[in-house]
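Colleague: Based on what follows, work out the 3D shape:
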Amino acid sequence: MKKNQHDVSETFDVIVIGSSPLLLLEALYLERKGHRVAVVEKRDRLGGAWYTIPLWEFESVEVGCHYFEREPRAYAFLQECLGIELEPYSVKATWFNADKVSEDESFFKKITGRLTRKVLWSRLLADDVWGVIKGFDKKDPGKCLRAIRRMLVLPPYRFPAKRVRGIVDPIVQLVDSSSIEVMNNSFVEHVVVGTDGQPNRCCIDGRTYNAKRLVIGQLVYPTLQMSEGEREEVETNYAVHVLLRVAGKKRVPFGYLEIHRNDLLQRVQDNSASVIPRDPNAKPTSDLLLCCHLTKTSTEKSGMDTTEIFEHLLETGMLEDGARLLDSHVEHYPWVAPKESELPDSVTVLRTFDLGLDLGKNSDRWKSLLQQQIARSG
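Modeller: Okay, here's the model as predicted:
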(Lines give C-alpha, C1' and ligand atoms only; values in the text may rest on other atoms or scores of the structure.)
Protein backbone atom coordinates (compact mmCIF):
# COMPACT_ATOMS: atom_id res chain seq x y z
CA MET A 1 0.00 0.00 0.00
CA LYS A 2 1.37 3.39 -0.97
CA LYS A 3 0.41 6.22 1.33
CA ASN A 4 0.12 9.89 0.41
CA GLN A 5 1.76 9.46 -2.99
CA HIS A 6 0.38 12.62 -4.61
CA ASP A 7 2.76 12.28 -7.56
CA VAL A 8 0.96 9.16 -8.82
CA SER A 9 -0.70 9.04 -12.21
CA GLU A 10 -3.82 11.20 -12.43
CA THR A 11 -6.09 8.40 -13.63
CA PHE A 12 -7.49 5.51 -11.59
CA ASP A 13 -9.97 2.85 -12.51
CA VAL A 14 -11.75 3.44 -9.21
CA ILE A 15 -11.56 6.11 -6.52
CA VAL A 16 -13.20 5.19 -3.23
CA ILE A 17 -14.14 8.23 -1.17
CA GLY A 18 -14.09 7.37 2.51
CA SER A 19 -12.75 4.34 4.33
CA SER A 20 -15.51 2.81 6.42
CA PRO A 21 -15.23 -1.00 6.70
CA LEU A 22 -17.73 -1.55 3.87
CA LEU A 23 -15.94 0.84 1.53
CA LEU A 24 -12.61 -0.85 2.26
CA LEU A 25 -14.10 -4.27 1.55
CA GLU A 26 -15.45 -3.01 -1.76
CA ALA A 27 -12.04 -1.50 -2.57
CA LEU A 28 -10.38 -4.87 -1.87
CA TYR A 29 -12.94 -6.63 -4.03
CA LEU A 30 -12.33 -4.28 -6.97
CA GLU A 31 -8.55 -4.50 -6.56
CA ARG A 32 -8.73 -8.30 -6.73
CA LYS A 33 -10.82 -7.93 -9.90
CA GLY A 34 -7.80 -6.20 -11.50
CA HIS A 35 -8.76 -2.53 -11.11
CA ARG A 36 -6.35 0.20 -10.07
CA VAL A 37 -7.96 1.53 -6.89
CA ALA A 38 -7.34 4.57 -4.70
CA VAL A 39 -8.92 5.19 -1.29
CA VAL A 40 -9.19 8.76 -0.01
CA GLU A 41 -9.54 9.36 3.73
CA LYS A 42 -9.53 12.75 5.42
CA ARG A 43 -8.19 11.39 8.72
CA ASP A 44 -4.73 9.99 9.40
CA ARG A 45 -5.99 6.41 9.67
CA LEU A 46 -8.47 4.23 7.85
CA GLY A 47 -11.86 3.24 9.23
CA GLY A 48 -14.15 6.16 8.43
CA ALA A 49 -16.42 6.85 11.39
CA TRP A 50 -15.18 3.57 12.93
CA TYR A 51 -12.11 5.01 14.59
CA THR A 52 -10.55 5.68 17.96
CA ILE A 53 -8.58 8.64 19.27
CA PRO A 54 -6.09 9.26 22.08
CA LEU A 55 -8.01 11.02 24.83
CA TRP A 56 -7.31 11.83 28.47
CA GLU A 57 -4.96 9.14 29.84
CA PHE A 58 -6.04 6.63 27.22
CA GLU A 59 -4.26 5.65 24.02
CA SER A 60 -7.44 4.54 22.32
CA VAL A 61 -11.03 5.65 22.93
CA GLU A 62 -14.07 5.00 20.74
CA VAL A 63 -15.94 8.21 20.00
CA GLY A 64 -18.91 6.88 18.03
CA CYS A 65 -21.98 4.67 18.48
CA HIS A 66 -21.74 1.41 16.53
CA TYR A 67 -23.47 -1.94 16.38
CA PHE A 68 -24.28 -4.66 13.84
CA GLU A 69 -27.86 -5.29 12.84
CA ARG A 70 -28.53 -9.02 13.24
CA GLU A 71 -27.75 -10.79 9.99
CA PRO A 72 -26.47 -14.41 10.09
CA ARG A 73 -24.61 -14.03 6.76
CA ALA A 74 -22.76 -10.97 8.09
CA TYR A 75 -21.74 -12.77 11.28
CA ALA A 76 -20.51 -15.76 9.25
CA PHE A 77 -18.58 -13.49 6.88
CA LEU A 78 -16.80 -11.70 9.74
CA GLN A 79 -15.82 -14.95 11.41
CA GLU A 80 -15.01 -17.16 8.43
CA CYS A 81 -13.54 -14.66 5.95
CA LEU A 82 -11.92 -12.11 8.25
CA GLY A 83 -11.24 -14.23 11.32
CA ILE A 84 -12.99 -11.73 13.62
CA GLU A 85 -14.02 -13.06 17.01
CA LEU A 86 -17.60 -12.12 17.88
CA GLU A 87 -19.24 -12.12 21.29
CA PRO A 88 -22.79 -11.53 22.57
CA TYR A 89 -23.77 -7.89 22.77
CA SER A 90 -26.55 -6.25 24.75
CA VAL A 91 -28.66 -4.11 22.40
CA LYS A 92 -31.79 -2.67 23.93
CA ALA A 93 -34.28 0.10 23.30
CA THR A 94 -36.16 2.56 25.46
CA TRP A 95 -38.44 5.59 25.40
CA PHE A 96 -37.44 8.86 27.05
CA ASN A 97 -40.12 11.09 25.55
CA ALA A 98 -40.28 14.22 27.67
CA ASP A 99 -43.44 15.61 26.03
CA LYS A 100 -46.47 15.85 28.27
CA VAL A 101 -49.93 14.78 27.20
CA SER A 102 -51.65 17.72 25.52
CA GLU A 103 -54.84 19.00 27.10
CA ASP A 104 -56.25 19.46 23.58
CA GLU A 105 -56.19 15.71 22.87
CA SER A 106 -59.21 13.47 23.18
CA PHE A 107 -59.99 11.75 26.46
CA PHE A 108 -58.94 8.38 25.01
CA LYS A 109 -55.56 9.73 23.85
CA LYS A 110 -54.97 11.39 27.21
CA ILE A 111 -55.57 8.12 29.04
CA THR A 112 -53.46 6.00 26.66
CA GLY A 113 -50.72 8.64 26.66
CA ARG A 114 -50.49 8.68 30.45
CA LEU A 115 -50.57 4.88 30.62
CA THR A 116 -47.83 4.65 28.00
CA ARG A 117 -45.62 7.06 29.93
CA LYS A 118 -46.20 5.18 33.18
CA VAL A 119 -45.58 1.71 31.75
CA LEU A 120 -42.81 2.43 29.21
CA TRP A 121 -40.93 5.43 30.55
CA SER A 122 -37.21 4.56 30.62
CA ARG A 123 -37.90 0.81 30.48
CA LEU A 124 -35.04 -0.97 28.72
CA LEU A 125 -36.62 -3.58 26.47
CA ALA A 126 -35.39 -5.78 23.64
CA ASP A 127 -35.40 -3.90 20.36
CA ASP A 128 -37.85 -6.40 18.83
CA VAL A 129 -40.31 -5.79 21.66
CA TRP A 130 -40.19 -2.12 20.77
CA GLY A 131 -40.91 -3.09 17.18
CA VAL A 132 -44.12 -4.73 18.33
CA ILE A 133 -45.04 -1.70 20.45
CA LYS A 134 -44.41 0.68 17.56
CA GLY A 135 -46.55 -1.51 15.32
CA PHE A 136 -49.45 -1.27 17.75
CA ASP A 137 -48.90 2.45 18.17
CA LYS A 138 -49.12 3.03 14.42
CA LYS A 139 -51.94 0.49 14.02
CA ASP A 140 -49.73 -1.49 11.63
CA PRO A 141 -50.29 -5.28 12.02
CA GLY A 142 -47.59 -5.97 9.43
CA LYS A 143 -44.96 -4.17 11.52
CA CYS A 144 -46.02 -6.15 14.58
CA LEU A 145 -45.76 -9.47 12.74
CA ARG A 146 -42.34 -8.58 11.31
CA ALA A 147 -41.05 -7.70 14.77
CA ILE A 148 -42.40 -10.98 16.18
CA ARG A 149 -40.75 -12.88 13.34
CA ARG A 150 -37.43 -11.16 14.11
CA MET A 151 -37.67 -12.34 17.71
CA LEU A 152 -38.28 -15.93 16.62
CA VAL A 153 -35.89 -16.21 13.66
CA LEU A 154 -32.90 -13.91 14.07
CA PRO A 155 -29.91 -14.78 16.29
CA PRO A 156 -28.91 -12.67 19.32
CA TYR A 157 -26.88 -9.52 18.69
CA ARG A 158 -23.12 -10.00 18.41
CA PHE A 159 -20.19 -7.59 18.11
CA PRO A 160 -16.39 -7.91 17.63
CA ALA A 161 -14.72 -8.86 20.89
CA LYS A 162 -12.13 -6.13 20.29
CA ARG A 163 -14.86 -3.60 19.46
CA VAL A 164 -14.17 -1.04 16.71
CA ARG A 165 -10.55 -2.05 16.19
CA GLY A 166 -11.69 -5.65 16.07
CA ILE A 167 -13.25 -5.07 12.65
CA VAL A 168 -11.14 -2.20 11.29
CA ASP A 169 -7.67 -3.62 11.98
CA PRO A 170 -8.11 -6.96 10.10
CA ILE A 171 -9.48 -5.14 7.04
CA VAL A 172 -6.70 -2.53 7.13
CA GLN A 173 -4.14 -5.36 7.23
CA LEU A 174 -5.60 -6.68 3.98
CA VAL A 175 -5.43 -3.20 2.45
CA ASP A 176 -1.79 -2.91 3.55
CA SER A 177 -0.90 -6.10 1.68
CA SER A 178 -2.79 -5.05 -1.47
CA SER A 179 -1.91 -2.68 -4.30
CA ILE A 180 -4.57 -0.16 -3.24
CA GLU A 181 -3.17 3.36 -3.10
CA VAL A 182 -4.25 5.15 0.06
CA MET A 183 -4.39 8.93 0.45
CA ASN A 184 -4.58 9.64 4.16
CA ASN A 185 -5.04 13.17 5.53
CA SER A 186 -6.54 14.10 2.18
CA PHE A 187 -9.64 16.20 1.65
CA VAL A 188 -11.97 15.80 -1.34
CA GLU A 189 -12.94 19.38 -2.14
CA HIS A 190 -15.49 18.50 -4.81
CA VAL A 191 -16.29 15.92 -7.48
CA VAL A 192 -17.40 16.53 -11.06
CA VAL A 193 -19.46 13.51 -12.07
CA GLY A 194 -18.60 12.36 -15.57
CA THR A 195 -21.31 12.22 -18.23
CA ASP A 196 -21.39 11.08 -21.87
CA GLY A 197 -18.39 8.80 -21.40
CA GLN A 198 -16.26 11.39 -19.62
CA PRO A 199 -14.33 10.32 -16.50
CA ASN A 200 -15.28 11.48 -13.02
CA ARG A 201 -12.98 14.22 -11.75
CA CYS A 202 -12.03 14.47 -8.09
CA CYS A 203 -10.37 17.58 -6.70
CA ILE A 204 -8.28 16.31 -3.80
CA ASP A 205 -6.16 18.80 -1.86
CA GLY A 206 -6.05 21.13 -4.85
CA ARG A 207 -5.11 18.47 -7.40
CA THR A 208 -7.45 16.80 -9.90
CA TYR A 209 -7.61 13.01 -10.27
CA ASN A 210 -9.64 11.21 -12.92
CA ALA A 211 -11.58 8.05 -12.16
CA LYS A 212 -13.55 5.81 -14.50
CA ARG A 213 -15.68 4.87 -11.51
CA LEU A 214 -16.42 6.32 -8.08
CA VAL A 215 -17.50 4.46 -4.96
CA ILE A 216 -18.93 6.58 -2.16
CA GLY A 217 -20.91 6.03 1.01
CA GLN A 218 -24.58 6.90 1.21
CA LEU A 219 -23.64 9.72 3.57
CA VAL A 220 -20.70 11.54 2.00
CA TYR A 221 -18.87 14.77 2.68
CA PRO A 222 -17.73 16.04 -0.77
CA THR A 223 -19.94 18.15 -3.03
CA LEU A 224 -20.97 16.23 -6.15
CA GLN A 225 -21.31 18.34 -9.31
CA MET A 226 -23.07 17.21 -12.45
CA SER A 227 -21.10 19.61 -14.69
CA GLU A 228 -18.00 21.81 -14.77
CA GLY A 229 -20.06 24.92 -14.04
CA GLU A 230 -20.39 26.81 -10.82
CA ARG A 231 -20.64 24.51 -7.82
CA GLU A 232 -24.08 24.12 -6.33
CA GLU A 233 -24.33 25.11 -2.69
CA VAL A 234 -25.28 22.01 -0.72
CA GLU A 235 -26.27 22.14 2.92
CA THR A 236 -23.99 20.00 5.06
CA ASN A 237 -25.55 18.15 7.96
CA TYR A 238 -23.69 17.16 11.08
CA ALA A 239 -24.16 14.09 13.21
CA VAL A 240 -23.00 14.96 16.71
CA HIS A 241 -21.59 12.35 19.10
CA VAL A 242 -20.81 13.42 22.66
CA LEU A 243 -18.57 11.25 24.85
CA LEU A 244 -19.29 11.69 28.57
CA ARG A 245 -16.83 10.54 31.21
CA VAL A 246 -18.89 9.75 34.28
CA ALA A 247 -18.04 8.67 37.82
CA GLY A 248 -20.86 6.36 38.81
CA LYS A 249 -22.87 3.38 37.59
CA LYS A 250 -25.62 2.64 35.12
CA ARG A 251 -28.94 1.84 36.72
CA VAL A 252 -29.60 -0.99 34.22
CA PRO A 253 -26.88 -2.82 32.22
CA PHE A 254 -26.71 -2.24 28.46
CA GLY A 255 -24.11 -2.08 25.72
CA TYR A 256 -26.00 -0.20 23.04
CA LEU A 257 -29.26 1.63 23.57
CA GLU A 258 -31.64 2.85 20.87
CA ILE A 259 -33.86 5.68 22.10
CA HIS A 260 -37.30 6.36 20.63
CA ARG A 261 -39.30 9.59 20.58
CA ASN A 262 -36.72 11.75 22.29
CA ASP A 263 -35.85 15.27 21.20
CA LEU A 264 -32.30 15.14 22.57
CA LEU A 265 -30.85 11.63 22.28
CA GLN A 266 -31.03 9.10 19.47
CA ARG A 267 -28.77 6.41 20.91
CA VAL A 268 -26.30 5.82 23.74
CA GLN A 269 -23.44 3.31 23.82
CA ASP A 270 -21.22 2.24 26.69
CA ASN A 271 -17.64 2.40 25.37
CA SER A 272 -15.98 1.90 28.77
CA ALA A 273 -14.64 -1.58 28.10
CA SER A 274 -12.91 -0.69 24.83
CA VAL A 275 -10.37 1.84 26.12
CA ILE A 276 -6.64 1.16 25.99
CA PRO A 277 -4.59 3.04 28.62
CA ARG A 278 -1.34 4.76 27.65
CA ASP A 279 0.32 3.19 30.68
CA PRO A 280 0.09 -0.60 30.33
CA ASN A 281 0.55 -0.93 34.11
CA ALA A 282 -2.35 1.38 34.92
CA LYS A 283 -5.38 -0.01 36.70
CA PRO A 284 -8.51 -0.40 34.56
CA THR A 285 -10.71 2.66 34.79
CA SER A 286 -13.91 2.43 36.81
CA ASP A 287 -15.37 5.47 35.05
CA LEU A 288 -18.17 5.16 32.53
CA LEU A 289 -17.49 6.38 29.00
CA LEU A 290 -20.91 6.90 27.46
CA CYS A 291 -21.15 7.96 23.82
CA CYS A 292 -24.37 9.88 23.14
CA HIS A 293 -25.59 10.39 19.58
CA LEU A 294 -27.80 13.47 19.46
CA THR A 295 -31.04 13.40 17.53
CA LYS A 296 -31.36 15.04 14.12
CA THR A 297 -33.23 17.93 15.68
CA SER A 298 -30.25 18.55 17.93
CA THR A 299 -27.50 18.57 15.32
CA GLU A 300 -27.53 22.33 15.03
CA LYS A 301 -26.92 22.47 18.80
CA SER A 302 -23.36 21.20 18.42
CA GLY A 303 -22.11 23.89 20.78
CA MET A 304 -24.55 22.95 23.55
CA ASP A 305 -23.44 22.50 27.12
CA THR A 306 -22.72 18.80 27.58
CA THR A 307 -23.97 18.98 31.16
CA GLU A 308 -27.49 19.17 29.68
CA ILE A 309 -27.00 15.70 28.18
CA PHE A 310 -25.65 14.33 31.45
CA GLU A 311 -28.55 15.79 33.42
CA HIS A 312 -30.95 14.19 30.94
CA LEU A 313 -29.39 10.78 31.64
CA LEU A 314 -29.90 11.36 35.36
CA GLU A 315 -33.46 12.59 34.86
CA THR A 316 -34.43 9.55 32.83
CA GLY A 317 -32.94 7.15 35.37
CA MET A 318 -30.23 5.75 33.11
CA LEU A 319 -27.59 6.56 35.74
CA GLU A 320 -27.71 5.87 39.46
CA ASP A 321 -28.15 8.78 41.85
CA GLY A 322 -24.85 10.33 42.82
CA ALA A 323 -23.22 9.95 39.40
CA ARG A 324 -20.94 12.87 38.49
CA LEU A 325 -19.86 14.26 35.12
CA LEU A 326 -16.05 14.35 35.03
CA ASP A 327 -15.32 15.42 31.46
CA SER A 328 -16.67 15.35 27.92
CA HIS A 329 -15.56 15.29 24.30
CA VAL A 330 -17.57 16.20 21.19
CA GLU A 331 -17.14 14.75 17.67
CA HIS A 332 -18.88 16.12 14.54
CA TYR A 333 -19.52 13.94 11.49
CA PRO A 334 -20.30 16.08 8.42
CA TRP A 335 -22.31 14.43 5.67
CA VAL A 336 -24.27 15.19 2.52
CA ALA A 337 -26.81 12.71 1.17
CA PRO A 338 -26.35 12.43 -2.65
CA LYS A 339 -29.42 12.21 -4.86
CA GLU A 340 -28.81 8.72 -6.20
CA SER A 341 -31.45 9.04 -8.92
CA GLU A 342 -29.35 11.74 -10.59
CA LEU A 343 -26.09 9.76 -10.60
CA PRO A 344 -24.81 7.82 -13.64
CA ASP A 345 -23.73 4.18 -13.59
CA SER A 346 -20.09 5.26 -13.07
CA VAL A 347 -20.92 6.25 -9.48
CA THR A 348 -21.69 3.49 -6.97
CA VAL A 349 -23.33 4.44 -3.69
CA LEU A 350 -22.96 2.00 -0.80
CA ARG A 351 -24.93 2.07 2.42
CA THR A 352 -22.31 2.33 5.13
CA PHE A 353 -24.28 3.08 8.27
CA ASP A 354 -25.79 -0.37 8.87
CA LEU A 355 -22.94 -2.85 8.62
CA GLY A 356 -24.93 -5.93 9.56
CA LEU A 357 -27.50 -5.80 6.77
CA ASP A 358 -25.06 -4.51 4.18
CA LEU A 359 -22.37 -7.04 5.00
CA GLY A 360 -24.97 -9.78 4.64
CA LYS A 361 -26.14 -8.38 1.32
CA ASN A 362 -22.62 -8.34 -0.15
CA SER A 363 -21.06 -11.32 1.62
CA ASP A 364 -21.50 -13.84 -1.20
CA ARG A 365 -20.11 -11.34 -3.73
CA TRP A 366 -17.03 -10.54 -1.68
CA LYS A 367 -16.33 -13.93 -0.14
CA SER A 368 -14.37 -15.79 -2.83
CA LEU A 369 -12.09 -12.93 -3.82
CA LEU A 370 -11.38 -11.92 -0.24
CA GLN A 371 -10.48 -15.49 0.62
CA GLN A 372 -7.92 -15.33 -2.18
CA GLN A 373 -6.58 -12.06 -0.74
CA ILE A 374 -6.31 -13.56 2.73
CA ALA A 375 -4.48 -16.60 1.38
CA ARG A 376 -2.10 -14.35 -0.58
CA SER A 377 -1.33 -12.10 2.40
CA GLY A 378 -0.89 -15.12 4.66
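Colleague: In this structure Lys162 contacts Glu85, no?
Modeller: Yes. In this structure, Lys162 sits in contact with Glu85. The criterion is CB atoms under 8 Å, and the distance is 7.4 Å. Every residue, glycine included, has its C-beta placed from N, CA and C.
Colleague: Name the residue in those two with the higher neighbour count.
Modeller: Lys162 (15 against 11; other CB atoms under 10 Å).
Colleague: measure the more buried one to Ile84 for me?
Modeller: For Lys162, the distance to Ile84 equals 8 Å [CB to CB, to the nearest Å].
Colleague: ditto for Gly64
Modeller: Using CB to CB, we find Gly64 at a distance of 18 Å from Ile84.
Colleague: swap in Val91?
Modeller: Counting by CB to CB, the gap from Val91 to Ile84 is 18 Å.
Colleague: next one: Tyr29
Modeller: Between Tyr29 and Ile84 the computed distance is 17 Å (CB to CB).
Colleague: Quick one: neighbours of the closest residue to Arg45 other than its chain neighbours, just the number.
Modeller: Residue nearest to Arg45 in three dimensions, not counting chain neighbours: Tyr51, with 6.3 Å by CB to CB, 6 or more residues apart in numbering. The burial metric for Tyr51, expressed as a neighbour count using other CB under 10 Å, is 21.
Colleague: and Tyr51, what does it touch?
Modeller: Contact criterion CB atoms under 8 Å, 6 or more residues apart in numbering gives 43, 45, 63-64, 164, 168 as the residues in contact with Tyr51.
Colleague: Per-residue pLDDT of Gly362, please?
Modeller: Just to correct that, residue 362 is Asn rather than Gly. With respect to pLDDT, Asn362 has a value of 89.
Colleague: my bad, Ser377
Modeller: 60.
Colleague: domains for this structure, by residue range?
Modeller: Per automatic domain parsing, the structural domains of the chain span 2-50+161-233+337-377, 91-123+237-335.
Colleague: Mean confidence (pLDDT) on the last one, please.
Modeller: By that I understand domain 91-123+237-335. Averaged across domain 91-123+237-335, pLDDT comes to 82.
Colleague: what about it, start to end distance?
Modeller: 26 Å (CA to CA, to the nearest Å).
Colleague: cool, and stretch 73-87?
Modeller: Taking CA to CA, stretch 73-87 runs 16 Å from one end to the other.
Colleague: If we go by neighbour counts, what in that stretch is buried?
Modeller: By neighbour count on 16 or more other CB atoms under 10 Å, the buried set for stretch 73-87 is 73-75, 77-78, 81-82, 84, 86.
Colleague: Tell me which of these fall in helices.
Modeller: Assigned to helices by DSSP state H, the following of these qualify: 73-75, 77-78.
Colleague: Between the residues you listed, which sits nearest Glu308?
Modeller: Distance to Glu308, by CB to CB, is smallest for Ala74 among those, at 36.1 Å.
Colleague: Which residue ranges of the protein form helices?
Modeller: With DSSP H as the criterion, the chain has helices at 21-32, 72-80, 107-120, 127-137, 141-153, 163-176, 306-315, 355-377.
Colleague: Quick check: which of those is nearest to Ala239?
Modeller: Using CB to CB as the measure, helix 306-315 is the one of the helices of the chain that comes nearest Ala239, at 14.7 Å.
Colleague: Now do the closest residue to Asp354 other than its chain neighbours, the pLDDT please.
Modeller: Using CB to CB, 6+ apart and skipping residues adjacent in sequence, the residue nearest Asp354 is Glu69, 5.4 Å away. Model confidence at Glu69, given as pLDDT, is 86.
Colleague: from what I can see Glu69 touches Leu359, true?
Modeller: No. Judged on CB under 8 Å, Glu69 makes no contact with Leu359 at a distance of 9.2 Å.
Colleague: Which one's more surrounded, the two?
Modeller: Each of Glu69 and Leu359 has its neighbours counted (other CB under 10 Å); Leu359 has more, 25 against 16.
Colleague: quick one: the closest residue to the more buried one other than its chain neighbours and Gly83, what's the gap?
Modeller: Among residues not flanking Leu359 along the chain, Ala74 sits closest, at 3.7 Å (CB to CB, 6+ apart). Applying CB to CB, one obtains 15 Å for the distance of Ala74 from Gly83.
Colleague: what do you get for Gly255?
Modeller: 22 Å.
Colleague: now do His329
Modeller: From His329 to Gly83 the distance is 32 Å (CB to CB).
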